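Novice: Sequence plus predicted model, see below.
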Amino acid sequence: MKSNLLKRLACCLTACALMGAALTGCGSNNGSGSGGDPSGSGQSSSGETPKYDTLNVGVIVTTVGIPAQYAMDKGYFAEEGLDVNIIVFPTGAPLNEAIAAKQIDIGCSGFATIYSLANGDCKWIADINTTGGMGLFARADSPIAQQKGNISDHPDMLGSADTLKGAKILGPLGTSAQFATEGYISQFGLSDQDVEQVHMEFAPAYQAFLAGEGDLISSTIPFTYDAPSQGLVKVASFEEATNVGLVDGCFARTEVVENRREEVVKFLKVLVRAMDELAGDDQLRFDYCMDKFHENGQEFTDENMNHEIEDRLFITSDWLKKSDYIYAECMEPVSQFLLGIGKLTDQNQPNVSKSLDASLLEEATGVKVTLPSN
């Protein structure tokens, strides 16, 4: 991947592991959902008769899924006359499968979303949160960790061309982890041919690295939060490695955007309301996230949750008004990266930029946002 692509500041998709497990039977009649009308009674979770048909919304168990769940629990969707059914997915990969199968209408997800956008039948309709906390780590006694100050733009970044050449780097390929790895080594004049990248999902990669395998690990939270206590040293944050700031976000099937626009706009209005409230009260967000993550099998310590709140900021209504905010700017460089490693094709890569649709968010918030220039 060319280094100039890595130097474009952006907002984009988050880091998610691409796990192959599929969630079967998801939809408004799935017991794994919350809210909506699984019984087919024609009433929302508040007991009121909804004005619209059910919107099936898929979320993953990270920060990006919290605002929709919070809004559901607070009854905000029902206030807008929406009948929302939330379905929780373990990762972005099965969520993509569900949206392709038309089992869900809207998704709140991360890096894996780009594959749905590339298929040409979905629209990116809102940024939800930044995705800080990712990065590359080495053992404290590694030669890589002994080198510092070799990159003028990032004087605290560790490593050198000599110590990195031939390094074995663990992490899931085709994800933000590989994007970080190749962005990092490119700053030292190296390419993917100069290192060995070993495909492992985040959890097994972390355990393997602690057991002594590999020279570097490209990882995400909560593993990156636990890494220092295990004697690991951060050699570069994701942002230092790539010069890109990722975001998780919200996307919808194109036919839903076209045929149910009023509902989608109302959904985004509620979503931003929820983000504003959560961003405005750290204790509220802490308590709600701890409960919701625990409910869905994500265990966070108090310290890690505080890190999460500091690193993963919601794109609030005030954020949208910032003069330097650009809607989904890094879609193009990230899709170019995936094209370069064969995860996207010349035919479907252009669909990613074409998928960006800020008009619904603008209608929901009354804020005119700046679109990326390609």
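Specialist: Received the coordinates, thanks.
Novice: so where's the protein shaky on pLDDT?
Specialist: Within the chain, the stretches with pLDDT under 70 are 1-50, 374.
Novice: let's see 80
Specialist: Scanning the chain for pLDDT under 80 picks out 1-51, 374.
Novice: longest helix in the protein, by residue count?
Specialist: helix 261-279 (DSSP state H).
Novice: so how far is that helix off the chain centroid?
Specialist: 18 Å (Cα atoms, centre = their mean, to the nearest Å).
Novice: List the contacts of it.
Specialist: Here helix 261-279 makes contact (Cβ atoms under 8 Å, 6 or more residues apart in numbering) with 52, 55, 57, 66-68, 70-71, 74, 76-77, 79-82, 84, 106, 125-126, 128-129, 250, 252, 256-257, 284-285, 288, 313-318, 360-361, 363-365. Quick note: C-beta positions are derived from backbone N, CA and C, even for glycine.
Novice: For that helix, which residues meet the burial criterion?
Specialist: Neighbour counts over helix 261-279 (16 or more other Cβ atoms under 10 Å) mark 263-279 as buried.
Novice: if we can go back for a sec, mind checking which of the contacts of helix 261-279 are in helices?
Specialist: 66-68, 70-71, 74, 76-77, 79, 256-257, 284-285, 288, 317-318, 360-361, 363-365.
Novice: circling back to that earlier point, just the buried ones from the contacts of helix 261-279?
Specialist: So, by 16+ other Cβ under 10 Å, the buried ones in those are 52, 55, 57, 66-68, 70-71, 76-77, 80, 82, 84, 106, 125-126, 128-129, 250, 252, 256-257, 285, 288, 313-317, 360-361, 363-365.
Novice: angle of the longest helix of the chain against helix 66-74?
Specialist: 100 degrees (axes from the mean of the first three to the mean of the last three Cα atoms, to 10 degrees).
Novice: In a helix, residue 197, correct?
Specialist: No. Assessed with DSSP: H, G, I helix; E, B strand; the rest coil, residue 197 is strand; it does not lie in a helix.
Novice: Tell me who's in contact with the residue lying closest to it once chain neighbours are set aside.
Specialist: With Cβ to Cβ, 6 or more residues apart in numbering as the criterion, residue 197 has its nearest non-adjacent residue at 5.3 Å, and that residue is residue 169. Residue 169 sits next to 136, 181, 195, 196, 197, 198, 214, 215, 216, 217, 218 when contact means Cβ under 8 Å, 6+ apart.
Novice: helix, strand or coil for the last one?
Specialist: I take that to be residue 218. Assignment for residue 218 (three-state DSSP): strand.
Novice: That one bridge partners, please.
Specialist: residue 136 (DSSP bridges).
Novice: how many neighbours does it have?
Specialist: By other Cβ atoms under 10 Å, the residues close to residue 218 number 33.
Novice: got a list of what it touches?
Specialist: 134, 135, 136, 169, 170, 171, 177, 178, 180, 181, 184.
Novice: From these, pick the one nearest residue 296.
Specialist: Nearest to residue 296 among the contacts of residue 218: residue 134, at 20.6 Å, using Cβ to Cβ.
Novice: Endpoints of stretch 236-251, how far apart?
Specialist: 30 Å (Cα to Cα, to the nearest Å).
Novice: and that stretch, how far from the chain's centre?
Specialist: Offset of stretch 236-251 from its chain centre (Cα atoms, centre = their mean): 9 Å.
Novice: and the nearest residue to residue 292 once chain neighbours are set aside, how many neighbours does it have?
Specialist: Leaving aside its sequence neighbours, residue 292 sits nearest to residue 69 (Cβ to Cβ, 6+ apart; 5.8 Å). Using other Cβ under 10 Å, residue 69 has 23 other residues around it.
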